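**Student:** Any chance you can model this:
(one chain, ligands or ions: 1)
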Amino acid sequence: MTQIRIEQIELRKVSLPLVTPWVSGLHQFAERESIVVRIRTNLGEGWGECPALAQPTYSAEYTDSAYLMCSEYLIPMLLELERPSAETFRAAARSIVGHPMAKFGIELALCDLAAQIEGCSLAGLLGGTATQVPAGVVCGTQPDAASAVATVSALVTQGYRRFKIKTEPGNDMEILSALREVFPDLQLGVDANSAYAEEPEAVRQLDQFELWCIEQPLGAEDLLGHAILNQALQTPICLDEPISSLEHTVTALTLGAANMVNLKPARVGGLLEACEIHDLCQQRGVSLFVGGLLETGIGRAANVALASLPGMTHPGDLSANARFYQEDIVSNPFELVDGSLTVPTGPGLGVVIDLDNLERFTTRVQQF
Ligand SMILES: [Mg+2]
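**Tutor:** Predicted coordinates for the structure are as follows:
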């Protein structure tokens, strides 16, 4: 293969208005900040997105810390590589502790580029086989049962196939009882983002609603607590926040802390690591789906590519771009058709960057 020569790297911080403010037990925001990476080379250009959130509420990283990590460490490191590629970058980036989302943003641009050079889609590069992926949707925290029923009803009408609602102790029973009364057969799950850490016993009450998962009820580091719940409950316990690497996944599964994994490629530091976690879960027969972080069109395309892998047992958190963004930085957003999104077949990510929108939503830019 011809040697890749990097000509320029562009790092952007962007801020996109959301259709409606996002509310969960962790945070609330009306604009989605994110980071976009563009790598220009002699063989074409690759795009990546680092979807760290504006505040360090979901993980330790946040937009400004990831921007700094990219500009001060990861981009200079990439520019020094003799043979730049996703693999060589991943190996070099191991010398830096943590910062998986920043690493993911750059690795994604390199994977996009690699797929284009190979003349295949990103999904094809990763070993994806599905041409359509069923779409699941996540509902933010609902103030009461009536709002929850109205929100879920609207999403059912749109055609989503699988539902996950943010939950916390307090009005959880009331909300889930109301949802089950209206939608007895809905594929319904909950995500607690650790909200039950102080009252783990309250999680047991959720077992009566025939949920497809209870995601992350306890603290991100409480593998033991999750293992105890997982043994006691009928409902599958799913882990999200602690799944930060292949190594952590092995530990969590070996301890029996989960029998389902929410796989977010940004949280594990890149698509290559995510594929290894996929393979592990597939070998062990562990349920798996792709999670989301309200990505713009670039990160969303990476999630859709990952979701096309054969070991995905459940629809991912893969809503259409329009669920969050009236205007995106891609001009060919994913659309929901018969409850699925179409996996792009064009070279690389398969998205067309809307350069005008990208410029309009940029709040900071730097070239290297
Ligand atoms: Mg989650």
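
**Student:** Skip the chain neighbours and tell me the closest residue to the closest residue to the ion within the chain.
**Tutor:** Going by C-beta to the ion, the ion is nearest to Asp240 of the chain, at 3.6 Å. Placement of C-beta: from N, CA and C, glycine included. Counting by C-beta to C-beta, 6 or more residues apart in numbering, Asn262 is the residue found nearest to Asp240 once chain neighbours are left out, at 4.1 Å.

**Student:** Okay, Gly256 and Trp47: tell me how far apart.
**Tutor:** In this view, Gly256 and Trp47 are 39 Å apart by C-beta to C-beta, to the nearest Å.

**Student:** Looking at these two, which has the bigger crowd around it?
**Tutor:** Trp47 (26 against 15; other C-beta atoms under 10 Å).

**Student:** Could I get the contacting residues of the more buried one?
**Tutor:** Contact analysis of Trp47 by C-beta atoms under 8 Å, 6 or more residues apart in numbering lists Val36, Val37, Arg38, Ile39, Leu108, Ala109, Asp112, Ile298, Leu349, Val351, Ile353.

**Student:** Tell me, how many residues neighbour Ala197?
**Tutor:** By other C-beta under 10 Å, neighbour count at Ala197 equals 16.

**Student:** Can you tell me the SS state at it?
**Tutor:** coil (DSSP: H, G, I helix; E, B strand; the rest coil).

**Student:** now it, nearest residue through space, not along the chain?
**Tutor:** That would be Gly219: by C-beta to C-beta, 6+ apart, it lies 4.3 Å from Ala197.

**Student:** With His27 instead?
**Tutor:** With sequence-adjacent residues excluded and distances taken as C-beta to C-beta, 6+ apart, His27 is closest to Thr57, at 4.4 Å.

**Student:** and the one you found, that one's in a helix?
**Tutor:** No. Using three-state DSSP, the secondary structure at Thr57 is coil, not a helix.

**Student:** how about the strands in this protein?
**Tutor:** Ranges of strands within the chain are 6-23, 28-41, 44-50, 132-139, 162-166, 188-191, 214-215, 237-239, 260-263, 287-290, 316-317, 340-342, 362-367, based on DSSP state E.

**Student:** okay, those in a markdown table with mean pLDDT next?
**Tutor:** Output for the strands of the chain, formatted as a markdown table (pLDDT from 0 to 100):
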| stretch | mean pLDDT |
| --- | --- |
| strand 6-23 | 95 |
| strand 28-41 | 95 |
| strand 44-50 | 98 |
| strand 132-139 | 94 |
| strand 162-166 | 95 |
| strand 188-191 | 97 |
| strand 214-215 | 98 |
| strand 237-239 | 98 |
| strand 260-263 | 98 |
| strand 287-290 | 98 |
| strand 316-317 | 94 |
| strand 340-342 | 96 |
| strand 362-367 | 98 |
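
**Student:** now the helices: where do they sit in this structure?
**Tutor:** Counting by DSSP state H, the segments of the chain that form helices are 63-69, 75-80, 86-93, 100-118, 122-126, 145-158, 172-182, 223-232, 246-254, 271-284, 297-307, 355-361.

**Student:** and Trp212, which of those helices is closest to it?
**Tutor:** In terms of C-beta to C-beta, the element of the helices of the chain nearest to Trp212 is helix 172-182, at 12.7 Å.

**Student:** Give me the below-cutoff pLDDT ranges for the protein.
**Tutor:** By pLDDT under 70, the weakly predicted segments of the chain are 1.

**Student:** Tell me which residues touch Leu125, please.
**Tutor:** Cys111, Ala114, Ala115, Glu118, Ala305.

**Student:** Kindly recompute the last result at 6 Å.
**Tutor:** Leu125 sits next to Ala115 when contact means C-beta atoms under 6 Å, 6 or more residues apart in numbering.

**Student:** distance of it from Ala274?
**Tutor:** Look at Leu125 and Ala274: by C-beta to C-beta, they are 13 Å apart.

**Student:** Check Tyr160 too.
**Tutor:** With the distance defined as C-beta to C-beta, Tyr160 ends up 23 Å from Ala274.

**Student:** With adjacent residues omitted, what lies nearest to the most centrally placed residue in the chain?
**Tutor:** In the chain, the residue lying closest to the centroid (C-alpha atoms, centre = their mean) is Gly292, at 3.0 Å. Using C-beta to C-beta, 6+ apart and skipping the chain neighbours, the partner closest in space to Gly292 is Asp317 (3.8 Å).

**Student:** can I assume that neighbour is in contact with Cys139?
**Tutor:** No. Using C-beta atoms under 6 Å, Asp317 is not in contact with Cys139, being 10.7 Å away.

**Student:** If we go by neighbour counts, what in stretch 289-297 is buried?
**Tutor:** Buried residues in stretch 289-297, counted by 16 or more other C-beta atoms under 10 Å: Phe289, Val290, Gly291, Gly292, Leu293, Leu294, Glu295, Thr296, Gly297.

**Student:** typed the wrong thing, it's stretch 33-52
**Tutor:** Across stretch 33-52, burial judged by 16+ other C-beta under 10 Å covers 33-41, 43, 45-52.

**Student:** Would you confirm that Pro100 contacts Leu272?
**Tutor:** No. Assessed by C-beta under 6 Å, Pro100 is found out of contact with Leu272, at 11.9 Å.

**Student:** Of these two, which one has the most company?
**Tutor:** Shown here are Pro100 and Leu272; by other C-beta under 10 Å, Pro100 has more neighbours (25 against 20).

**Student:** quick one: contacts for the residue nearest to that one when sequence neighbours are not counted?
**Tutor:** Nearest non-adjacent residue to Pro100, counting by C-beta to C-beta, 6+ apart: Gly269, 3.5 Å away. Counting by C-beta under 6 Å, 6+ apart, Gly269 touches Pro100, Lys103, Phe104.
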